[in-house]
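*Asks:* sharing a sequence plus its predicted fold:
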Number of protein chains: 2
Amino acid sequence: MSEKRKQIIEAATKSFSLFGYKATTMDQVAKMANVGKGTIYTFFKSKEELLEEIVSSMISEIKHEADEAIDQHLSFKENVQRALQRIFTFRKEHELTIKLLQEVRDIGTPAVRDVMKRLDREMIAYVREKIEEAMAKGEIRSCDPELTAFLMFKMYIALNVDWEKEHEPLSQQKMAELFDLYLLKGLSQ
Amino acid sequence: MSEKRKQIIEAATKSFSLFGYKATTMDQVAKMANVGKGTIYTFFKSKEELLEEIVSSMISEIKHEADEAIDQHLSFKENVQRALQRIFTFRKEHELTIKLLQEVRDIGTPAVRDVMKRLDREMIAYVREKIEEAMAKGEIRSCDPELTAFLMFKMYIALNVDWEKEHEPLSQQKMAELFDLYLLKGLSQ
DNA sequence: GTTTTGACTAAATGAACATTTTGGTCATTT
DNA sequence: AAATGACCAAAATGTTCATTTAGTCAAAAC
């Protein structure tokens, strides 16, 4: 990939992480990337597309990390658990996701809202794949994979994000227990 | 209760349902209630308190409806299901809740946001009570009642509200099955 | 004496306008 | 052919000012 393109992406990622999408100007990105503003538009057709590309890479990165958490020797239950844990740890600790989620909450920038929705959809699709594989292998009983992935994801959001708004955060240990107790029981053969 | 007070509450409820909280003026309420504006302030210390009182009555009404759905001859599982179904049917069909939820989503009026949060908290507390009763009677296994009520509520929101944003709505039948399959299995003795 | 009221006020809102900022372009330079 | 930054239209932001509105209180009604 072109060196300039890489610089632009790097600069934009840093600026989005630091100031958010809205507060980042294309002049700013050009300055940080040491390129003329016009150069950015030879690689990306708009500011929004620049964000989309960055988030696409981030999605790949998250999927890669989740894949790394999966261990073929472990059961489906343990693996889906480990994968989701990785996904949400990323969400919580990665500067860019933190800043973008903040921006959606506080200002609701439409471009950012859309891109974060896509992130959610892609994570659900990822879990769905794992469910379909496990179903094919007969590791879990037959179920609607989309709906199941959706519920798993929502439960993880509830435990990881919503619960903490009004209560003490749950330990990873406790969350694993709850997830197993409430959601995975229904999938046992 | 004073006749005037009743008129005021009735007028405000109607106006909040029709136009929302923000778009309702105290002059408007006074006109609709056929009282002077000053009279409102002999019963309620502010517009916000007027809303709070109305929502408090609504909460009682919802709890009452949920109680009506409960049948002592049925199992805990069936009853908690029936109660939650009633709660969410109310939420979806009652003019005032529809309008207020819309207002939170579209404008985010703080007073309305707070009052709707309280509604959620109170519904969770209601479910929590039912769980504690069932636990005391040995109908379900021991669990953290707050956390369990919280998860039940979040799962119902996921199925009733979030799922419909990107998929075909689920039938009551299907929702009951899912709720049983995924969440209630974990509570079986 | 008590209750009710609506004219009044201070604060909030928003319409209208001026100013600045910014995403995106393109003629020029390298 | 690739890169640039001055330039422009449009959007965002700041400012002003008239209108609206939540809440008060002196006077009226009972």
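*Replies:* Yep, that arrived.
*Asks:* can you pull the poorly scored residue ranges out of chain A?
*Replies:* Residue ranges of chain A with pLDDT under 70: A:1, A:186-189.
*Asks:* does the longest helix along it reach DNA strand D?
*Replies:* Across chain A, the longest stretch assigned as helix under DSSP state H is helix A:110-136. No. Helix A:110-136 stays clear of DNA strand D (CB under 7 Å from any atom of the strand), getting no nearer than 9.1 Å. Placement of C-beta: from N, CA and C, glycine included.
*Asks:* gap between the helix or strand just after that helix and the chain center?
*Replies:* Using DSSP states H and E, the helix or strand that follows helix A:110-136 in sequence is helix A:145-157. Centre-to-centre, helix A:145-157 and its host chain are 14 Å apart (CA atoms, centre = their mean, to the nearest Å).
*Asks:* do the same with stretch A:136-154
*Replies:* Here stretch A:136-154 is found 19 Å from its chain centre; the criterion is CA atoms, centre = their mean.
*Asks:* so what touches it?
*Replies:* With CB atoms under 8 Å, 6 or more residues apart in numbering or on different chains as the test, stretch A:136-154 has contacts from A:75-76, A:80, A:84, A:120, A:123-125, A:127-128, A:131-132, A:134-135, A:179, A:183, A:186-189, B:154-155, B:158-159, B:162-163, B:167, B:178, B:181-182.
*Asks:* how about that stretch: buried residues?
*Replies:* A:140, A:143, A:145-154 (16 or more other CB atoms under 10 Å in any protein chain shown).
*Asks:* tell me who's in contact with the residue positioned nearest the centre of chain A.
*Replies:* Centroid-nearest residue in chain A: A:Leu119, 5.1 Å away (criterion: CA atoms, centre = their mean). Contact analysis of A:Leu119 by CB under 8 Å, 6+ apart lists A:55, A:58-59, A:62, A:97.
*Asks:* run the last query once more with 7 Å
*Replies:* Residues near A:Leu119 by CB atoms under 7 Å, 6 or more residues apart in numbering or on different chains: A:55, A:59.
*Asks:* how far away is it from chain B?
*Replies:* 14 Å (CB to the nearest CB, to the nearest Å).
*Asks:* re the thing from before, from the buried residues of stretch A:136-154, which two are the most distant?
*Replies:* Largest separation among those by CB to CB: A:Ile140 and A:Lys154, giving 18.4 Å.
*Asks:* and chain A, which residues reach DNA strand C?
*Replies:* A:24-27, A:37-38, A:41, A:45-48.
*Asks:* what about burial for these, which qualify?
*Replies:* Looks like these have A:24, A:26, A:47 buried, using 16+ other CB under 10 Å.
*Asks:* okay, these in a markdown table with secondary structure next?
*Replies:* Converted to a markdown table, these look like this (DSSP: H, G, I helix; E, B strand; the rest coil):
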| residue | secondary structure |
| --- | --- |
| A:Thr24 | coil |
| A:Met26 | helix |
| A:Lys47 | helix |
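*Asks:* B:Asp67: which of these is nearest?
*Replies:* Out of those, the member with the shortest distance to B:Asp67 (by CB to CB) is A:Thr24, at 53.1 Å.
*Asks:* the closest one: what's it in contact with?
*Replies:* A:15-16.
*Asks:* that one and DNA strand D: what is the separation?
*Replies:* Distance from A:Thr24 to DNA strand D, counting by CB to the nearest atom of the strand, to the nearest Å: 12 Å.
*Asks:* quick one, phi/psi of that residue?
*Replies:* phi -90, psi 130 (degrees, to the nearest 10).
*Asks:* now swap in A:Thr109 and tell me
*Replies:* phi -50, psi 120.
*Asks:* what about it, how many residues nearby?
*Replies:* Using other CB atoms under 10 Å in any protein chain shown, A:Thr109 is surrounded by 18 other residues.
*Asks:* hmm, it is touching A:Lys22, no?
*Replies:* Yes. Here A:Thr109 lies in contact with A:Lys22, judged by CB atoms under 7 Å, at a distance of 5.0 Å.
*Asks:* mutual contacts of those two, please.
*Replies:* Shared contacts of A:Thr109 and A:Lys22 (CB under 7 Å, 6+ apart): A:Glu103.
*Asks:* the helix or strand encompassing A:Ala12 vs helix A:110-136, what angle?
*Replies:* With elements taken from DSSP H and E, the one containing A:Ala12 is helix A:3-19. Calculated by axes from the mean of the first three to the mean of the last three CA atoms, to 10 degrees, helix A:3-19 forms an angle of 100 degrees with helix A:110-136.
*Asks:* what's the first helix or strand after helix A:3-19?
*Replies:* The first helix or strand that comes after helix A:3-19 along the chain, using DSSP H and E, is helix A:26-33.
*Asks:* element containing A:Leu96, please.
*Replies:* Judged by DSSP H and E, A:Leu96 forms part of helix A:95-106.
*Asks:* list every C-alpha atom in stretch A:118-125, with coordinates, as PDB.
*Replies:* The C-alpha trace of stretch A:118-125 is given here as PDB (Å, rounded to 0.1, in the frame of the first residue of the first chain):
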ATOM      1  CA  ARG A 118     -22.200  -1.700  11.500                       C
ATOM      2  CA  LEU A 119     -19.600  -2.800  14.000                       C
ATOM      3  CA  ASP A 120     -22.400  -4.300  16.100                       C
ATOM      4  CA  ARG A 121     -23.900  -6.000  13.100                       C
ATOM      5  CA  GLU A 122     -20.600  -7.500  12.100                       C
ATOM      6  CA  MET A 123     -19.900  -8.800  15.600                       C
ATOM      7  CA  ILE A 124     -23.300 -10.500  15.700                       C
ATOM      8  CA  ALA A 125     -22.600 -12.000  12.200                       C
END
